[in-house]
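> Provide a 3D model corresponding to the input given below.
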Amino acid sequence: MKSPADQTQDSPIEDSSSKSRPQDLRDWLEQVERLGRLKKIPGASWNLEVGVLTDLNVKSRKWTLLFDEIEDYPAGYRLLTGCLIDAARVALTLGMSPELNDLQLVEALRPVLDQVGSSIGQFPSIEVSDAPFLKNRQEGSEVNIEAFPSMLWHEKDGGRYLGTVDAVVTRDPDSDWVNVGTYRMMVHDERHLGTHINTSHHARLHAEKYWSRGEDCPVAISLGQHPLISLLAGMEVPVGVCEYDYAGILTGRRYPVVKGPVTGLPIPADSEIVLEGYLTQELKGEGPFGEFMGYYAGGTIENPVVKVEAVYFRDDPILLGTAGGRPPYDYSYYRCPLRAAMLWNALESSGVSGIQGAWCHEAGYSRAWTVLALEQAYMGHAEQVGHLAAQLPEGIFGGKYVVVVDTDIDPTDIDQVLWAICSRTDPAENIEFIRNSWGMNLDPMVKIGPDSRLGELRMSRAIINACRPFDRAIRGDFPEVVEPSAEMKEKVFEKWKEILE
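Model prediction:
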């Protein structure tokens, strides 16, 4: 297996075939099947069965699940869950070795993400004249989004959702900035969707500019696309930067798009199903929906309505979907290595040294529980790293706990991390707090009043220094860990590997 550094010097894409033609969702699915991680599920019901199977799967065997012959839908109208469920499938999506483990994936991502800022503009999207999804069309009065599999994912959801791993394309009316984001889409009827787009998200910024002019906001929605676009659409890309540019930098090629016939928006050419229409100022009750924090914290909200003007789809289309909820859930993993790599880079860019590992845990939905492994160099080093990690842009949104551990602790291993907390901290001495930090509206612990604005929501932060006390560590008087040496472990493993494997 190549080292992470070897794999990321130029571009994470290594397969030469991907440089000559775009990989689409079907190419990716074939690779997952070759890894032995695909399960085909015929005959499941849209009414909770798909959602419950998806949830049980991620908490046990972690297959990629391809549902076909879904109850009440024609054969060939398929739905895929479990795409970015572990290190192997995230690495595969990025063109890296699927043999990488969690921490190796973070290390491999760091140099790639570090070069993004200086590479913006080098790989802009490229417009192509045709795409497979344009073969089949519904336009105007023929539009019927209810023809495609929409799931009741959770028992208390407010409706059936068609968009849960979608790629929603909008454009800033004052510039050429295109945003691609993931926003939930609930079916109202054959031509209308309800969507929840937080006021801080980029698509909402675009929409409000249109609305201020008395215009509806053009929107294109891909409901099935290469998981790379899904991965980027769910991350915080800086204002003014398009996710297609990120995809180009990560793959070393310009991402192909097709100009939408109705909106003129650039749509991923590898899309399976596409909706075009307008995000209107009409408000209608949307939700509740089982969200990524594991709660129905948002309730039913009066949210903007999308009016669909046209639908395009491939033969036997594949729709991406997910059932959010109590972590781990179907899409809780992929943000963990990406956020960890981004935060690690940000900390080093701020001038902090000594970090040897980082991980954002699924139990904290990649935001609320961050662990950093540190080679302590001076008194207060651990506290400095913890406070910075809690307040830098890469760590503040949705953050709650930052744990700093020694380098003998694997930050991805929750048992090791909890052991360090239990054995290397005095609670009264080693936990510090930041009060009145940024809160988000989906957090059930955030207090939201009837007139609260998003900018005034607050949540505290805790920094836990679970490193050996620095003064005792440098003097060598902290008790030695009870553990066999690496040499002895290797010797015993070789002799008894039939049992240990």
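
> The helix or strand encompassing residue 370: partners in the sheet, and parallel or antiparallel?
Using DSSP states H and E, residue 370 maps to strand 369-374. Sheet pairing for strand 369-374, assigned by DSSP bridges, gives strand 355-360 (antiparallel), strand 401-406 (parallel).

> out of those strands, which comes closest to residue 184?
Residue 184 sits nearest to strand 355-360 of all those, at 22.0 Å, using Cβ to Cβ. No exception for glycine: its C-beta is placed from N, CA and C like everyone else's.

> what mean pLDDT does the strand holding residue 370 have?
For strand 369-374, mean pLDDT rounds to 98.

> Give the buried residues for that strand.
Within strand 369-374, the residues scored as buried using 16 or more other Cβ atoms under 10 Å are 369-374.

> again, but for stretch 229-248
Those would be 229-237, 241-248, for stretch 229-248 by 16+ other Cβ under 10 Å.

> Export it to PDB, keeping only CA atoms.
The C-alpha coordinates for stretch 229-248 follow below in PDB (Å, rounded to 0.1, in the frame of the first residue of the first chain):
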ATOM      1  CA  ILE A 229     -20.400  15.900  -5.600                       C
ATOM      2  CA  SER A 230     -22.500  14.600  -2.700                       C
ATOM      3  CA  LEU A 231     -19.400  14.700  -0.500                       C
ATOM      4  CA  LEU A 232     -18.600  18.300  -1.400                       C
ATOM      5  CA  ALA A 233     -22.200  19.500  -1.400                       C
ATOM      6  CA  GLY A 234     -22.500  18.600   2.300                       C
ATOM      7  CA  MET A 235     -19.300  20.500   3.300                       C
ATOM      8  CA  GLU A 236     -18.600  24.100   4.100                       C
ATOM      9  CA  VAL A 237     -17.000  25.500   0.900                       C
ATOM     10  CA  PRO A 238     -16.000  29.200   1.200                       C
ATOM     11  CA  VAL A 239     -18.300  31.900   0.000                       C
ATOM     12  CA  GLY A 240     -17.700  32.600  -3.700                       C
ATOM     13  CA  VAL A 241     -16.100  29.200  -4.400                       C
ATOM     14  CA  CYS A 242     -18.000  26.600  -6.400                       C
ATOM     15  CA  GLU A 243     -18.000  22.900  -5.400                       C
ATOM     16  CA  TYR A 244     -17.300  22.000  -9.100                       C
ATOM     17  CA  ASP A 245     -13.900  23.900  -8.700                       C
ATOM     18  CA  TYR A 246     -13.200  21.700  -5.600                       C
ATOM     19  CA  ALA A 247     -14.100  18.600  -7.500                       C
ATOM     20  CA  GLY A 248     -11.700  19.700 -10.300                       C
END
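
> List of residues touching it?
83-84, 90, 93-94, 116, 120-125, 165-168, 175, 177-182, 202, 205, 222, 228, 254-255, 257, 266, 268, 320, 331, 334-335, 338, 393, 397 (Cβ atoms under 8 Å, 6 or more residues apart in numbering).

> residues contacting residue 285?
Going by Cβ under 8 Å, 6+ apart, residue 285 touches 158, 194, 300-303.

> phi, psi of residue 306?
When quoted as degrees, to the nearest 10, the phi and psi of residue 306 stand at phi -100, psi 120.

> tell me which element the closest residue to it other than its chain neighbours falls in.
Distances taken as Cβ to Cβ, 6 or more residues apart in numbering place residue 193 nearest to residue 306, at 4.3 Å, with adjacent residues excluded. Applying DSSP H and E as the criterion places residue 193 in strand 192-195.
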